[in-house]
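Trainee: 3D model of this:
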Amino acid sequence: MAKPNSRFDFEQANQVTKQLVNQMPPWLRLSFIRSWVFWAIITLGISGGLVYLALGLLLNPKAVPNCPEIFVPMSSPSLRVYCGQLAASKQTLPDLVAALNLVKDVAPNDPTRNYVDSNVQRWSLAILRLAEASYQEGKYEEAVNAAKQVPTSIPAYKIVSKRLGQWQETWAKGVALDRETRALLNSSKWVNAYAVAVRLTRLNNRYWAMTKYQELADLVQIAKADSAKLDEARQLVKSDSVKTLLKAVEMANKIDPKSFAHTEAKTIIDKVAIQMLKLARAKFDKNDWQGALEIATQTPDAPTTKAELQDLISFAQAQSHTVNSSISELETAISLIQGIKPESSLYQKSQQASANWQLEIQDLAALQHAQSLASTGTVRDLQMAISEVQRIPASNPRGKEAAKVATEWRTQIETVQDTPYLTAADASAASGTVRGVQKAVAQLGQIRPGRALYPQARQKIQQWTGDLQRAEDGPILAQAEALASSGDLVGAVNMAQRIGRGRAISAQSQERVNDWQAQLQATANLAAAQRLASGGTPEALLGAIQAAARVPKSSSLRSQARLAMDNWGSQMLEVAQSTATSDLRRAIAIAKVIPSNTSSYSAAQNLVEQWQLQLNPIPEPTTSPTEENNGLID
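Mentor: Numbers count the residues shown, from 1 in each chain. Modelled structure (predicted):
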């Protein structure tokens, strides 16, 4: 790193001084004036005077002048120079300036003027050195103000002026580089920022080249390290998990606000806020108010989402107040969303909700009044309550509830009106007589379909009617059972069919008829099979087996049919075997059709295979001469 040059260029100052001498009037450039002897005499004279003055003051302490209190206009030039030298000896800016002020009014033609000018030149250069030190320490304004204390009339001022220009140019570059570095840091361009900061080291100023450079370099390193810490947070922002998003916020909040990476951290927090607002809005749109509130209340503050987030929270809180459906809660809900402004994305929805809640408040008032009327339980008050709620349109928020309570009150009215019919019917049926039951049924017939007690009345009618029908049809079914037990299945079927359809025991009767008819059919099938089997031919035996197979498994004749089928299968196998001695193809044809549901099926299949081999023997494989030779070789 290049170190700025803090030394004063005295050689350059001497050159400037020579130039100033060359520019003096001709009379000042006379040979005796330029002679060192002349100036030595002048200097010795002034010095002797000052020495004399000093000795006099030392020898007479009471005569020592009090420089801070001297009245400059009335003081001699020698005294001013003396006091100026005392002040300048302290080598502080205020004292050097005070020294200049003491001698600034010495007349140009005063014999001490040259001596005054040499002191002014020396004091001015001392001021410039102090200003240079302040400038190198970064105290730019202080340095400039100090340098401007140098009188413009002295030769050294040109040096001061030039140096001020250099300072201004260098300082402007430093400020520009500092501003550019910080702008790049704000944009998270760490490499570029460091490259710009390095350029400060080339400036001829210790403050910018060392102090300020190191400060910016440290800021770059800190910001770069902090930015690396945010890499994981950037990945977490892509998640749809609230827990993960909050972890990203926690990581971003750990970045020091003074770090330039804090801008990135704020960007991450803004993205998290947008993502969480999106998740909360999704819950809200699904009417999950609690879920929306839970997410929204955890969402970090961000300028881009603050207004909409607050509207969402207000709306969700309002929705939660509508759960209990009381007038006061609905009024609270309306007040919560009144602050949502027209520019909000939730404005239209909030206006619609507010209108619905206003209607619901009206409906609730009407329902409460109707319920108060219905509480007496009288038909008249119930009818008035129904009329009250019927004024609530079905499209209103409480329309369904109004219809429901109206139905309940209507049921209550019908129950009050029809209960006497049930009571009278029960009393009539309690006699247990046919006439009493018929009377009870007639009384329940007064209750019309659609009325509240109609299902109950219908159930009683069915019960009592069934009792009557069972009493009438029970003996008929018992007689049919007796005929079936005696073997007269046809008579049993005919007797049971006298019970008409739709009667109490008609299903039971029909079930018995089906059983008996199945038995009759099984008997017929078995008889037909026996008639076919009497033919003795393979075709007849096959037909007999097929007829016997139609006897139901549930029939008592099933075992008899099973034995007959096996017997007829055996006969077919015997026929096939006897035929094989004369006509092998005929024998195969007979054995093949023996049904698989007979005990002879497996044996018949084995014989078929044997007989087919006899008809079509498998040829023995032929061997080539080579194979025969190979077989002879041991």
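Trainee: mind listing the helices for the stretch 101-250 of the chain?
Mentor: Here the stretch 101-250 of the chain has its helices, by DSSP state H, counting those that start in this stretch, at 113-136, 140-147, 156-186, 190-198, 206, 213-229, 231-236, 242-253.
Trainee: okay, the angle between the helix or strand that comes right after the last one and helix 213-229?
Mentor: What that stands for is helix 242-253. Next along the chain after helix 242-253, taking DSSP states H and E as the criterion, comes helix 262-285. If you take axes from the mean of the first three to the mean of the last three C-alpha atoms, to 10 degrees, helix 262-285 sits at 30 degrees to helix 213-229.
Trainee: let's have the chain start at 426 instead
Mentor: Sounds good: first residue 426 from here, last item helix 687-710.
Trainee: now helix 687-710 against helix 581-611, angle please.
Mentor: Using the same axes, to 10 degrees: helix 687-710 against helix 581-611 is 30 degrees.
Trainee: pull out the buried residues from helix 687-710.
Mentor: In terms of neighbour count (16 or more other C-beta atoms under 10 Å), helix 687-710 has its buried residues at 687-702, 704-706, 708-709. Where C-beta positions appear, they are placed from N, C-alpha and C, glycine not excepted.
Trainee: of the helices of the stretch 526-675 of the chain, flag the one that's most buried.
Mentor: Mean neighbour count (mean count of other C-beta atoms under 10 Å) peaks for helix 538-561 among the helices of the stretch 526-675 of the chain, with a mean of 20.
Trainee: report the contact partners of the residue nearest the centre of the chain.
Mentor: What sits nearest the mean C-alpha location of the chain, by C-alpha atoms, centre = their mean, is Asp665, with 3.5 Å. Counting by C-beta atoms under 8 Å, 6 or more residues apart in numbering, Asp665 makes contact with 700, 704.
Trainee: state the distance from it to Thr724.
Mentor: For Asp665, the distance to Thr724 (C-beta to C-beta, to the nearest Å) stands at 14 Å.
Trainee: for the helix or strand hosting Glu897, which positions count as buried?
Mentor: Glu897 belongs to helix 879-910 when assigned by DSSP H and E. Buried residues in helix 879-910, counting neighbours by 16+ other C-beta under 10 Å, are found at 882, 885-886, 889, 894, 898, 901-902, 905, 908-909.
Trainee: flag the least confident of those residues.
Mentor: Note: of the buried residues of helix 879-910, the lowest pLDDT belongs to Gln894, at 74.
Trainee: on that earlier part again, in JSON lines, list the helices of the stretch 526-675 of the chain along with mean pLDDT and distance to His794.
Mentor: Output for the helices of the stretch 526-675 of the chain, formatted as JSON lines (pLDDT from 0 to 100; distance: least, C-beta to C-beta, whole Å):
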{"stretch": "helix 538-561", "mean pLDDT": "72", "distance to His794": "89"}
{"stretch": "helix 565-572", "mean pLDDT": "82", "distance to His794": "83"}
{"stretch": "helix 581-611", "mean pLDDT": "86", "distance to His794": "67"}
{"stretch": "helix 615-623", "mean pLDDT": "86", "distance to His794": "73"}
{"stretch": "helix 631", "mean pLDDT": "89", "distance to His794": "90"}
{"stretch": "helix 638-654", "mean pLDDT": "79", "distance to His794": "66"}
{"stretch": "helix 656-661", "mean pLDDT": "77", "distance to His794": "56"}
{"stretch": "helix 667-678", "mean pLDDT": "81", "distance to His794": "46"}
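Trainee: out of those, nearest to Glu936?
Mentor: The closest of these to Glu936 is helix 667-678. By C-beta to C-beta, the value is 65.7 Å.
Trainee: run the chain-centre distance for that closest one.
Mentor: 13 Å (C-alpha atoms, centre = their mean, to the nearest Å).
Trainee: and the angle from it to helix 687-710?
Mentor: 160 degrees.
Trainee: what residues are up against the residue lying closest to Ala677 once chain neighbours are set aside?
Mentor: Among residues not flanking Ala677 along the chain, Ala690 sits closest, at 4.0 Å (C-beta to C-beta, 6 or more residues apart in numbering). Contacts for Ala690 (C-beta under 8 Å, 6+ apart) come out as 651, 655, 658, 677-678, 680.
Trainee: quick one, strands of this protein?
Mentor: With strands called from DSSP state E, the chain shows none.
Trainee: for Lys487, give me the pLDDT.
Mentor: Residue-level pLDDT assigned to Lys487 equals 42.
Trainee: now swap in the one 3 residues further on and tell me
Mentor: For Pro490, the model assigns a pLDDT of 54.
Trainee: for Thr1047, same thing?
Mentor: 51.
Trainee: out of the helices of the stretch 526-675 of the chain, which comes closest to Ile752?
Mentor: Across these, closest to Ile752 is helix 667-678 (C-beta to C-beta), at 35.0 Å.
Trainee: residues in contact with the closest one?
Mentor: 654-655, 657-659, 661-662, 664, 690-691, 693-694, 697, 700-701, 704, 720, 723, 725.
Trainee: repeat that with 6 Å
Mentor: Defining contact as C-beta atoms under 6 Å, 6 or more residues apart in numbering, one finds that helix 667-678 is touched by 658, 661-662, 690, 693-694, 697, 700-701, 720, 725.
Trainee: please apply the same query to stretch 707-721.
Mentor: Contacts of stretch 707-721 (C-beta under 6 Å, 6+ apart): 667, 701, 704-705, 734, 737-738, 741, 744-745.
Trainee: of these, just say which sits nearest to Asn1041.
Mentor: Nearest to Asn1041 among the contacts of stretch 707-721, with distances taken as C-beta to C-beta, is Leu704, at 81.5 Å.
Trainee: leaving out chain neighbours, which residue sits closest to that closest one?
Mentor: Going by C-beta to C-beta, 6+ apart, Leu704 has Ile720 as its nearest residue, at 5.4 Å.
Trainee: any idea how far the one you found is from His746?
Mentor: If you go by C-beta to C-beta, the gap between Ile720 and His746 works out to 19 Å.
Trainee: which residues of the stretch 426-575 of the chain score low on pLDDT?
Mentor: Applying pLDDT under 70 to the stretch 426-575 of the chain flags residues 426-507, 509-546.
Trainee: please report how far the residue lying closest to Gln591 once chain neighbours are set aside lies from Asp603.
Mentor: Excluding its sequence neighbours, the residue lying closest to Gln591 (C-beta to C-beta, 6+ apart) is Asn629, at 7.5 Å. According to C-beta to C-beta, Asn629 and Asp603 sit 16 Å apart.
Trainee: just to revisit the earlier point, any chance of the contacts of stretch 707-721 in a markdown table, plus distance to Thr636?
Mentor: Output for these, formatted as a markdown table (distance: C-beta to C-beta, whole Å):
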| residue | distance to Thr636 |
| --- | --- |
| Val667 | 47 |
| Met701 | 44 |
| Leu704 | 49 |
| Ala705 | 49 |
| Leu734 | 44 |
| Leu737 | 50 |
| Ile738 | 49 |
| Ala741 | 54 |
| Gln744 | 60 |
| Ser745 | 59 |
